[in-house]
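Mind folding the following:
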Amino acid sequence: MLPKNNEIHGVVFKDLKSFPDQRGFFREVVRVTDPFFSTTAFAQWSHSKMTHNVVKAWHYHKKQTDWWYVPIGDVEVVLFDNRSDSPSYKTKLVFRIGEREKYGANEVCFSIPPGVLHGCKVLSEEAHLFYITSQTYNPNDEGRYPFNDPIVPHNWGDNAITNGRDRVRFEPRD
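Numbers count the residues shown, from 1 in each chain. Take a look at the predicted model:
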């Protein structure tokens with residue numbers, strides 16, 4: 001279930017509707033006319049395949065907005081508002097996205113505004129994360145905190161699988 005309280009300013013969820021039949025289903029994910037595209041544009045579409053217990057955290061962007069969707073698998077997502085000028089400063093959201101029928105996860109697409117720390121952990125054997133970004137990849141726009149940094153009060157568990165990029169701090173440049 002998606003969090004109903006403690007919303008983070010600028011994070012927008014779009015519930016997705018599936019149209020099943022004997023062949024499978026059809027699901028529309030995003031349209032250019034969706035409200036969360038009203039202030040920024042599409043620049044890049046990416047796909048990340050991850051295995052069980054992989055943790056990718058903590059990332060944020062100075063300028064870029066992300067839109068996430070998990071069509072395959074079950075993923076725990078954590079968002080943390082680290083923007084000192086935000087009305088939801090220091091608010092944390094924890095929720096699951098992915099396949100509802102198989103895992104009971106939320107079938108949604110959602111936006112992550114600049115300055116919001118975000119991370120995820122794969123709960124299923126594997127998961128596929130599709131994400132759209134408002135800018136093409138720019139390593140100087142992406143900030144990082146280690147996945148276990150106390151800046152976010154969250155424990156990914158003892159079995160978290162990370163790589164070197166998720167264990168360092170990096171402040172983006174202008």
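
where does the chain dip in pLDDT?
By pLDDT under 70, the weakly predicted segments of the chain are 1, 3-6, 38-39, 174.

could you pull out the helices for it?
100-103 (DSSP state H).

most remote residue from it's center?
In the chain, the residue that sits farthest from the middle, by CA atoms, centre = their mean, is residue 22; the gap is 31.3 Å.

Can you name the residues bridging to the residue nearest the centre of the chain?
In the chain, the C-alpha nearest the mean C-alpha coordinate belongs to residue 68, at 5.1 Å (CA atoms, centre = their mean). Bridge pairing for residue 68 (DSSP bridges) gives the partners residue 110, residue 131.

Likewise for residue 60?
Using DSSP bridges, the beta-bridge partners of residue 60 come out as residue 143.

Do I have it right that it meets residue 115?
Yes - using CB atoms under 8 Å, residue 60 makes contact with residue 115 at a distance of 6.0 Å. C-betas here are computed from N, CA, C, even on glycine.

Give me the common contacts of the two.
residue 82 (CB atoms under 8 Å, 6 or more residues apart in numbering).

Which residue of the two possesses the greater neighbour count?
Between residue 60 and residue 115, counting by other CB atoms under 10 Å, residue 60 is the more crowded of the two (24 against 19).

For this structure, just list every one of the strands.
Ranges of strands in the chain, per DSSP state E, are 13-15, 18-21, 24-27, 44-51, 55-61, 66-72, 74-81, 92-98, 108-112, 116-122, 126-133, 142-144.

Redo those strands as a markdown table? Include distance to residue 167.
A markdown table is the format used below for these (distance: least, CB to CB, whole Å):
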| stretch | distance to residue 167 |
| --- | --- |
| strand 13-15 | 30 |
| strand 18-21 | 38 |
| strand 24-27 | 36 |
| strand 44-51 | 17 |
| strand 55-61 | 10 |
| strand 66-72 | 21 |
| strand 74-81 | 17 |
| strand 92-98 | 21 |
| strand 108-112 | 21 |
| strand 116-122 | 13 |
| strand 126-133 | 20 |
| strand 142-144 | 9 |
